[in-house]
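Peer 1: have a look; sequence and predicted model below, questions after that.
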Amino acid sequence: MTVITRYPPSPTGSFHIGSARTALFNYLFAAHTGGKMYLRFEDTDTARSKREYEDDIREGLQWLGITYELPGVFRQSERTHTYRKYLEQLIGKGLAYEAESSDTEQNKKVVRFKNPNIPMTFNDLIRGDISFDTTELDDFIIARSIKDPLYHLSVVIDDYEMGVTHVIRGEDHISNTARQILILEALGFPRPLYAHIPLILAPDRSKLSKRHGAVSVNQYKVEGYLAEAFVNYLALLGWNPGGDQELYSMPELVEKFTLENVQISGAIFNIEKLRWFNKEYLKKMSDDTFGKGALPTLKAAALARGFTWDEKIAVRLLPLLRERISIWQDITKQIDEGEYDYFFYDPRPSPADIPHAGGDKVAASAHLLAMLHTLQGISEADFKNPDIIKRSVWEYATANGRGDVLWPFRYALSGRQRSADPMLIASVIGKEAAERRLHAAIKILGTAS
RNA sequence: GGCCCUAUCGUCUAACGGUUAGGACACCAGCUUUUCAAGCUGGGAACCCGGGUCCGAUUCCCGGUAGGGUCACCA
């Protein structure tokens, strides 16, 4: 039997995290078993469904690397004639009937399903047997009118016509399953296999929703998360193959994914861990790939900050950035906060802050002068390498107290109490700028005394 | 409230009757570093409660409690 799963979002909102994970699990299961996954849009609620949401969902799927197949007609709104055929069949057999609508103005007749009122049990691949007493469902409504079907009806018919073998969906659908099985048995369809996966929860353990902040997948893309990291994190939220491995590529996930290893209780979405995953994937990138990803963000942020764009400085900044960010947007945030101003502008150090230990301006001045001489002795070529600068400076710094030497050195270059180390700064801004800044600091100290 | 599902560190989880209950994130400390960040090392931190079954229960069963889901002419 070829496995066929389906991902059936209703395009009434943007692609969100929980929906993405459902899609991922369906994809993973189908790929693992050599089957396929269909995408179809459940837009029987035509008032709320929008094409822009369809696009958002498809773009999100593509970004995450989740592939799918489309059934011939993939919008339920375009299949009403099909649903009507089955509806008439049901009514003809006395298994459903038309009844007055509560919406008296419309003067429509809704279609109610004739509930056989039987106890029912279905097997859930993840949770085992689940039983319901269907009596309490009453003769529930399956269509607003003969030509206007409702969700439960259309789902059952589509799953049947598409040959869906496994229905993998959120556990919020458990109680829907009873209704759907009732309909499908009335229609004479075989039951698919069901697997209800746990919900993704907000920190307060309620179902994750908009009010909890960022839930749209696109938002994470915009903030600069990597698709691989996002998928990795999502996969491990509610699924675990056992063992201590945390990092899985999509092919590895496909290879290892089984329904048996899906968790049964809900999992809280934790942004910190997601960020950690992202940082791990950032670390694994080649310098080239990292540069391609970081530079556009860096440029936009730098320009917005009013910097003159200097590609050379930017490229030399890359290694520092790689250590300090978890997602691309951290670059924007750090630039906005002025963290890297000193790479683009000469700082204006305050005289009182230049000396470190004991406020000894004379000593600080002497140390800065020594640093200046040292830098002057380094060639332009060697200046590109912070390690060479460090070697040149280290002997003097060690002999005279690293703190006493390096603090004023760093502060003269950055104008900040906290910054990258002076050798790196010097290397990034270049020989000329470094010497200019030291000159300026020495001069300020002289004037101040 | 009815029905359904669930229950291991704060969080994500491993364990499939016998373990000093393991890992990761977060947190704390130490190292390294002039500072910040990163990195390295170490540390604290959990089997919801009560009954069974069993030589032995975190693990199986029942009950309680707690949390969640669902009760639309939405999906």
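Peer 2: Now that the structure is in, tell me what you want to look at. Nothing here was measured: the structure is a model prediction, and the numbers come from that model. Residues are numbered from 1 along each chain as shown, chains lettered A, B, ... in the order given.
Peer 1: residues of the worst-scoring helix or strand of chain A on mean pLDDT that come out buried?
Peer 2: Here the helix or strand of chain A ranked lowest by mean pLDDT, DSSP states H and E is helix A:431-448, holding a mean of 89. Neighbour counts over helix A:431-448 (16 or more other Cβ atoms under 10 Å) mark A:431, A:433, A:434, A:435, A:437, A:438, A:441, A:442, A:444, A:445 as buried. Yep, even glycine has a C-beta here, placed from its N, CA and C like the rest.
Peer 1: with stretch A:392-406 instead?
Peer 2: Buried-residue list, stretch A:392-406, by 16+ other Cβ under 10 Å: A:392, A:393, A:397, A:404, A:405, A:406.
Peer 1: farthest pair within the residues you listed?
Peer 2: A:392 and A:404 (17.7 Å; Cβ to Cβ).
Peer 1: could you report the neighbour count for residue A:334?
Peer 2: Residue A:334: 16 surrounding residues under other Cβ atoms under 10 Å.
Peer 1: next: residue A:267.
Peer 2: Taking other Cβ under 10 Å as the definition, residue A:267 ends up with a neighbour count of 17.
Peer 1: quick check: beta-bridge partners of it?
Peer 2: Per DSSP bridges, the residues bridged to residue A:267 are residue A:200.
Peer 1: just confirm it contacts residue A:238, I think it does.
Peer 2: Yes: if you go by Cβ atoms under 8 Å, residue A:267 and residue A:238 touch, sitting 5.0 Å apart.
Peer 1: can you name the two of the buried residues of helix A:431-448 that are farthest apart?
Peer 2: Greatest spatial distance in the buried residues of helix A:431-448: A:431 and A:445, 21.6 Å, computed using Cβ to Cβ.
Peer 1: quick one, strands of chain A?
Peer 2: With DSSP state E as the criterion, chain A has strands at A:4-7, A:36-39, A:96-100, A:109-113, A:119-124, A:128-133, A:141-145, A:148-149, A:166-170, A:193-197, A:200-201, A:267-268.
Peer 1: surely residue A:134 touches residue A:182?
Peer 2: Yes: counting by Cβ under 8 Å, residue A:134 touches residue A:182, with 6.1 Å between them.
Peer 1: overlap in contacts, those two.
Peer 2: The contact sets of residue A:134 and residue A:182 overlap at A:115, A:116, A:120 (Cβ atoms under 8 Å, 6 or more residues apart in numbering).
Peer 1: return a ChimeraX selection command for the buried portion of those residues.
Peer 2: This is the ChimeraX syntax for the buried subset of the shared contacts of residue A:134 and residue A:182, where burial follows 16+ other Cβ under 10 Å:
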select /A:115,120
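Peer 1: can you redo the shared contacts of residue A:134 and residue A:182 as a markdown table with distance to RNA strand B and pLDDT?
Peer 2: Formatted as a markdown table, the shared contacts of residue A:134 and residue A:182 follow (distance: Cβ to the nearest atom of the strand, whole Å; pLDDT from 0 to 100):
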| residue | distance to RNA strand B | pLDDT |
| --- | --- | --- |
| A:115 | 13 | 96 |
| A:116 | 17 | 95 |
| A:120 | 10 | 94 |
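Peer 1: how long is stretch A:191-202 end to end?
Peer 2: Distance between the boundary residues of stretch A:191-202 (Cα to Cα, to the nearest Å) amounts to 33 Å.
Peer 1: residue A:44 is in contact with residue A:152, isn't it?
Peer 2: No: with contact defined as Cβ under 8 Å, residue A:44 does not count as touching residue A:152 (10.0 Å).
Peer 1: in the stretch 301-449 of chain A, what residue is nearest RNA strand B?
Peer 2: Among the residues of the stretch 301-449 of chain A, residue A:421 lies closest to RNA strand B, at 3.3 Å counting by Cβ to the nearest atom of the strand.
Peer 1: report the separation between that residue and residue A:323.
Peer 2: Using Cβ to Cβ, to the nearest Å, one gets 11 Å for the distance from residue A:421 to residue A:323.
Peer 1: show me which residues of the stretch 1-150 of chain A sit near RNA strand B.
Peer 2: By Cβ under 7 Å from any atom of the strand, the residues of the stretch 1-150 of chain A that approach RNA strand B are A:8-10, A:12, A:42, A:44-45, A:48, A:100-103, A:106, A:108, A:110, A:127-128, A:130-133, A:136, A:140-141, A:144, A:150.
Peer 1: weed out the non-buried ones from these.
Peer 2: Looking at these with 16+ other Cβ under 10 Å, the buried ones turn out to be A:8-10, A:42, A:44, A:108, A:110, A:127, A:130, A:132, A:141, A:144, A:150.
Peer 1: now render those as CSV, adding pLDDT.
Peer 2: As requested, those are exported to CSV (pLDDT from 0 to 100):
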residue, pLDDT
A:8, 97
A:9, 97
A:10, 96
A:42, 97
A:44, 94
A:108, 82
A:110, 95
A:127, 95
A:130, 95
A:132, 94
A:141, 96
A:144, 94
A:150, 96
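Peer 1: what's the most distant pair in the residues you listed?
Peer 2: Greatest spatial distance among those (Cβ to Cβ): A:108 and A:127, at 38.5 Å.
Peer 1: contact partners for residue A:370?
Peer 2: With Cβ under 8 Å, 6+ apart, residue A:370 has these contacts: A:396, A:400, A:405.
Peer 1: repeat for residue A:297
Peer 2: Contacts of residue A:297 (Cβ under 8 Å, 6+ apart): A:224, A:328, A:329, A:331, A:332.
Peer 1: got a list of what the third one touches?
Peer 2: Pointing back at residue A:329 there. By Cβ under 8 Å, 6+ apart, the contact list for residue A:329 reads A:222, A:223, A:224, A:297.
Peer 1: again with the second one
Peer 2: Listed by Cβ under 8 Å, 6+ apart, the contact set of residue A:328 reads A:223, A:224, A:225, A:293, A:294, A:297.
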